[in-house]
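# Structure, please.
(2 chains)
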Protein chains: 2
Amino acid sequence: MIHPVILCGGSGTRLWPLSRKDYPKQFTRILGDETLFQSSLRRFTGKDFAAPVLMAHADFRFLAAEQAAGLGIAEAALLLEPEARNTAPAILSAALYLEARGAGAEVMIVAPSDHVIRDTDAFLAAVGAGAEAAAAGKLVTFGITPDRAETGYGYLEMTDAPAPGIVQPVRRFVEKPDAATAAGMLEAGTYLWNAGIFMFRADTLIAAFEAHAPAMLPPARAALAEARPDLGFLRLDAGAYADMPEDSIDYAIMEKAADVVAVPVSCGWSDLGAWDAVWREMGPDAAGVSLSGEVTQIGCRDALLRSEEDGPRVVGVNLDGIAVVAMRDAVLVADKSDLQAVKAAVTALKAEGAPEAETLPRTYRPWGWYETLALADRFQVKQIMVPPGKKLSLQSHHHRAEHWIVVKGTATVTIDDEVKLVTENESVYIPLGAIHRLENPGKVNLHLIEVQTGAYLGEDDIVRYEDIYNRA
Amino acid sequence: MIHPVILCGGSGTRLWPLSRKDYPKQFTRILGDETLFQSSLRRFTGKDFAAPVLMAHADFRFLAAEQAAGLGIAEAALLLEPEARNTAPAILSAALYLEARGAGAEVMIVAPSDHVIRDTDAFLAAVGAGAEAAAAGKLVTFGITPDRAETGYGYLEMTDAPAPGIVQPVRRFVEKPDAATAAGMLEAGTYLWNAGIFMFRADTLIAAFEAHAPAMLPPARAALAEARPDLGFLRLDAGAYADMPEDSIDYAIMEKAADVVAVPVSCGWSDLGAWDAVWREMGPDAAGVSLSGEVTQIGCRDALLRSEEDGPRVVGVNLDGIAVVAMRDAVLVADKSDLQAVKAAVTALKAEGAPEAETLPRTYRPWGWYETLALADRFQVKQIMVPPGKKLSLQSHHHRAEHWIVVKGTATVTIDDEVKLVTENESVYIPLGAIHRLENPGKVNLHLIEVQTGAYLGEDDIVRYEDIYNRA
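Residues are numbered from 1 along each chain as shown, chains lettered A, B, ... in the order given. This is a model prediction of the structure:
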């Protein structure tokens, strides 16, 4: 049995506006109906795999848990990183977690949750080859056979011309190259793309940390020893976790260790690192145009035109080399030849204090989500969705009254001492100051329209008396 | 006294998505706080001008009346064209209207309502010069001194090199030229841009129609004779109006008549014919970038980036020669070098059946406006605004119940036999089938959130029993 360790703590900004700090790309449906996180999980659900270990940032614990549950994966272990400190601390923590559960001599596979792999069969065949090498004590990486002179990836230089599925030693790791260097490496035929996927026995990796990054081990052991269970999550200790140097597994271990091998593979892999990668994976037409959502175009060439769910309709006219991604609250229009620059644009946006830099219109909570439909001086209209069995905190507000109209499903509403069922097309009024609670006792999603009136309508006007998600 | 005749029947699509069939550009705030229509009206409010005659399409009668009232112009005559048949029928109808009111020997000035004129003083000085020539029986046009080889305008070839303010004969009208011809005309110095603004005595124009387009006169006289007053509007007779050939005043009269003169003028005029004209009028910065609304850009050159009111934030990255106009429901991204192509894109959009081609999210009614905030299977949320004194029709619905929550102002609500006041933070419920009415009895705008539930939520599920706007 191989232990999958899925890294889902990342929060890059190069796929803004779809990917935001508050809702990173691995949890979005960027290609198809499943999220990238779900597709990553599904890859490791066969008979050769043990229950997965999910390394998630604490902010995304409910999102990760719900998306895993959506695939029918109930037995995943969810380890929470108190803060993002790159891959080395996360992977070491996962190895120590497996060791503590008696699986120290077993093989783990570490994979990001925000990449795409089109050919699962080819990938799993490579995993089979990698598992043998890992069981024999090697540190295994996966090298993608390059089909273009890509400057956006790191490379692995192999000792010999790589053959698919044949495990062989890595001579060295190569940083993202410039265009000429990339062309030279493609020509040479002895370089592979570094996919950032690894296999090793947990004890092999722990020993490699002892050899090459010994300072990591004591705080990593302490973070796990002091970890605190919370509603099925395991929160690694924040103080100890913060003592680990922030570093990638490549720098900390892989580039230093001697026993590193790679499995060459062609499996339709992409890291979806920027919008040009998404454009490519969407399958551009003969004119080089990739379209998604409510989009109309005339005369466009070499273009990406996307309107995300609930986004405005996009009309592209005679565009050449342009990427457009439209959402309800924000639209990106960028030169397609340098989509890495999107990161700088998001930084500029954040400096302006624009909420769109990091936040989506829809806010996810452990109990479901809400979205502001209209916000004006003295009133706000929200749509609220609560899945079956979920329950908001018992709360009150100092500055606003609320009207709730149930438009789908059934709610249990508590107002001070009264508890009542409210069903479709019924409404209740929550006076200012009343202690109230909303719950979905039914079997279908509850949708509610909330109309707030008051002088101050901020989210921080809330007093929580009780909360099943430990937020009170 | 000069009689201003303002043409506000146009509905071009080159400024989509801001300008739509249901809400054309003259009524939008495309530059500054006033609409183009209002700025056009204001130009003719001085002591030299009589009350204006507004030639409007019937669909925009309330919009034109409200925007005129917003300027404090209460005594405007509002003539309604039953259908758009270009400028000749509209201008002839206005001349006959003035003649019927005993002003046949007086001077009228005809101006579009969707152009911009930056230097009103220079323009009014030219109007003074034109008035003298018009009073003497000339057909007067206005010729703008060109400052670039523009291919988007028609030209006037003058007999001599034109001098500002000096009225002189027009040799011929020149169609929109190609770039080389435009450059040659700029070089020659004897050409002016045809601004589409005209002055003449009403009887001079009527005589010119008798001479050059006599078939227009009988139906035009009939359309006015059979005109029907309606709530302060004058509806020209549809049958007679449809008998007039669809033609422009340039083709029907100006290019044929002998006594045509022009007043040369430099007054910062633009017809705002496409987004590149708007870009120019917005005053691009040193890099050629014009910005409006919630827009962030890095590295852009020669670009137009606009986010209209309530539109998504626009982020432009390294764009060169691109125009972006974002609204809540639609985003245009187009090659800035051929913005005339926007028209073709709107035609494509319409062919797809996309409502955004012609309709705005906010729908204007004689009693105010409404806007859909959320629409889903079995429920819809609308924001409704009713100005003081306005009143919706007495109505009922077969398929939906409605919850109304007043969030600003005070409403008088009729439900079957009951009439009651509903004020801020109060709600009422309109059961399916109930006969109901909404009215603003107060002194401030009424804002209401309407939550509809039902199996069918179309606007056509309405039975009207009584309507102060004659729609029952």
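
# Please name the strands paired to the helix or strand A:Leu448 falls within in the sheet, noting orientation.
Assessed by DSSP states H and E, A:Leu448 sits inside strand A:446-454. The strands beside strand A:446-454 in its sheet (DSSP bridges) come out as strand A:379-386 (antiparallel), strand A:400-408 (antiparallel).

# Not counting its own residues, what contacts the last one?
Strand A:400-408 is contacted by residues A:411, A:413, A:422-432, A:436, A:438, A:444-454, A:456-457, A:461, B:376, B:378-379, B:403, B:405, B:425, B:427, B:451, B:453 when judged by CB atoms under 8 Å, 6 or more residues apart in numbering or on different chains. C-betas here are computed from N, CA, C, even on glycine.

# Alpha carbons only: can I get it in PDB?
Extracted in PDB, the C-alpha atoms of strand A:400-408 (Å, rounded to 0.1, in the frame of the first residue of the first chain):
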ATOM      1  CA  ARG A 400     -28.800  45.600  12.200                       C
ATOM      2  CA  ALA A 401     -32.100  43.900  11.900                       C
ATOM      3  CA  GLU A 402     -32.600  41.100   9.400                       C
ATOM      4  CA  HIS A 403     -35.400  39.800   7.300                       C
ATOM      5  CA  TRP A 404     -35.000  36.200   6.200                       C
ATOM      6  CA  ILE A 405     -37.000  34.800   3.300                       C
ATOM      7  CA  VAL A 406     -36.700  31.000   2.700                       C
ATOM      8  CA  VAL A 407     -36.600  30.500  -1.100                       C
ATOM      9  CA  LYS A 408     -35.600  26.800  -1.200                       C
END
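
# so for the next helix or strand after it, what's the average pLDDT?
Counting by DSSP H and E, the element after strand A:400-408 in chain order, helix or strand, is strand A:410-415. For strand A:410-415, the per-residue pLDDT values average out at 97.

# Give me the residues contacting the following helix or strand past strand A:410-415.
As assigned by DSSP H and E, the chain's next helix or strand after strand A:410-415 is strand A:418-423. By CB under 8 Å, 6+ apart, the list of residues contacting strand A:418-423 from outside reads A:404, A:406, A:409-413, A:428, A:441.

# Just put the strands paired with strand A:446-454 in CSV and tack on mean neighbour count.
CSV is the format used below for these (neighbours: other CB atoms under 10 Å in any protein chain shown):
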stretch, mean neighbour count
strand A:379-386, 22
strand A:400-408, 22
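
# Residue most distant from the centroid, chain A?
A:Asp417 (41.5 Å; CA atoms, centre = their mean).

# Quick check: phi and psi on that one?
phi -90, psi 0 (degrees, to the nearest 10).

# picking up where we left off before, now the strand holding A:Leu448: how far from the chain's centre is it?
The chain centre lies 30 Å from the centre of strand A:446-454; the measure is CA atoms, centre = their mean, to the nearest Å.

# do the same with stretch A:30-41
Per CA atoms, centre = their mean, the centroid offset for stretch A:30-41 relative to its chain is 10 Å.

# got the end-to-end distance for that stretch?
16 Å (CA to CA, to the nearest Å).

# Then stretch A:193-212?
Start-to-end, stretch A:193-212 (CA to CA) is 24 Å.

# Over to stretch A:289-298?
End-to-end for stretch A:289-298, by CA to CA: 11 Å.

# Check stretch A:413-433 too.
End to end - CA to CA - stretch A:413-433 spans 15 Å.

# How far off centre is that stretch?
36 Å.

# where exactly do the strands run in the stretch 51-200 of chain A?
A:53-57, A:77-81, A:107-112, A:116-117, A:139-144, A:155-158, A:168-174, A:191-201 (DSSP state E, counting those that start in this stretch).

# mean confidence score for the first one?
Okay, so that is strand A:53-57. 96.

# what angle do it and strand A:107-112 make?
30 degrees (axes from the mean of the first three to the mean of the last three CA atoms, to 10 degrees).

# Strand partners (parallel or antiparallel) of the least confident helix or strand in chain A by mean pLDDT?
Ranked by mean pLDDT, DSSP states H and E, the weakest helix or strand in chain A is strand A:362-365, scoring a mean of 89. Here strand A:362-365 has these sheet partners by DSSP bridges: strand A:368-376 (antiparallel).

# buried ones in the strand it pairs with?
A:368, A:370-374 (16 or more other CB atoms under 10 Å in any protein chain shown).

# what do you get for stretch A:200-215?
Neighbour count says stretch A:200-215 has A:200-206, A:208-209, A:212-213 buried, by 16+ other CB under 10 Å.

# Switch those over to CSV; also include secondary structure, distance to chain B and pLDDT.
Putting those into CSV (DSSP: H, G, I helix; E, B strand; the rest coil; distance: CB to the nearest CB, whole Å; pLDDT from 0 to 100) gives the following:
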residue, secondary structure, distance to chain B, pLDDT
A:Phe200, strand, 40, 98
A:Arg201, strand, 45, 98
A:Ala202, helix, 43, 98
A:Asp203, helix, 47, 98
A:Thr204, helix, 44, 98
A:Leu205, helix, 40, 98
A:Ile206, helix, 44, 98
A:Ala208, helix, 41, 98
A:Phe209, helix, 40, 98
A:His212, helix, 39, 97
A:Ala213, coil, 38, 97
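
# which pair in those spans the largest distance?
Spatial extent of those (CB to CB) is set by the pair A:Arg201 and A:Ala213 at 17.3 Å.

# Next, format the strands paired with strand A:446-454 as JSON lines and append distance to A:Asp338.
Listed next are those as JSON lines, based on distance: least, CB to CB, whole Å:
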{"stretch": "strand A:379-386", "distance to A:Asp338": "38"}
{"stretch": "strand A:400-408", "distance to A:Asp338": "45"}
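
# can I assume A:Ser396 is in contact with A:Ile435?
Yes - in terms of CB atoms under 8 Å, A:Ser396 counts as a neighbour of A:Ile435; the distance is 4.8 Å.

# any common contacting residues for those two?
With contacts taken as CB under 8 Å, 6+ apart, A:Ser396 and A:Ile435 have A:Tyr465 as neighbours in common.

# A:Ser393: what's it in contact with?
A:Ser393 touches A:437, A:462, A:464-469, A:471-472, counting by CB under 8 Å, 6+ apart.

# try 10 Å this time
The neighbours of A:Ser393, taking CB atoms under 10 Å, 6 or more residues apart in numbering or on different chains as the test, are A:365-367, A:436-438, A:462-472.

# What does the pLDDT read for it?
94.

# How about A:Gly12?
Looking at A:Gly12, its pLDDT is 79.

# same thing with A:Arg471?
So A:Arg471 comes in at 79 (pLDDT).

# do the same with A:Leu231
Predicted confidence (pLDDT) for A:Leu231: 84.

# what do you get for the one 4 residues further on?
Predicted confidence (pLDDT) for A:Arg235: 96.

# is it in a bridge, and if so with what?
Bridge pairing for A:Arg235 - DSSP bridges - gives A:Leu80, A:Arg228.

# Surely it and A:Leu80 touch.
Yes - the criterion here is CB atoms under 10 Å, and A:Arg235 meets it with A:Leu80 at 4.7 Å.

# So for these two, which residues contact both of them?
Common neighbours of A:Arg235 and A:Leu80 (CB under 10 Å, 6+ apart) are A:58, A:61, A:227-228, A:241.
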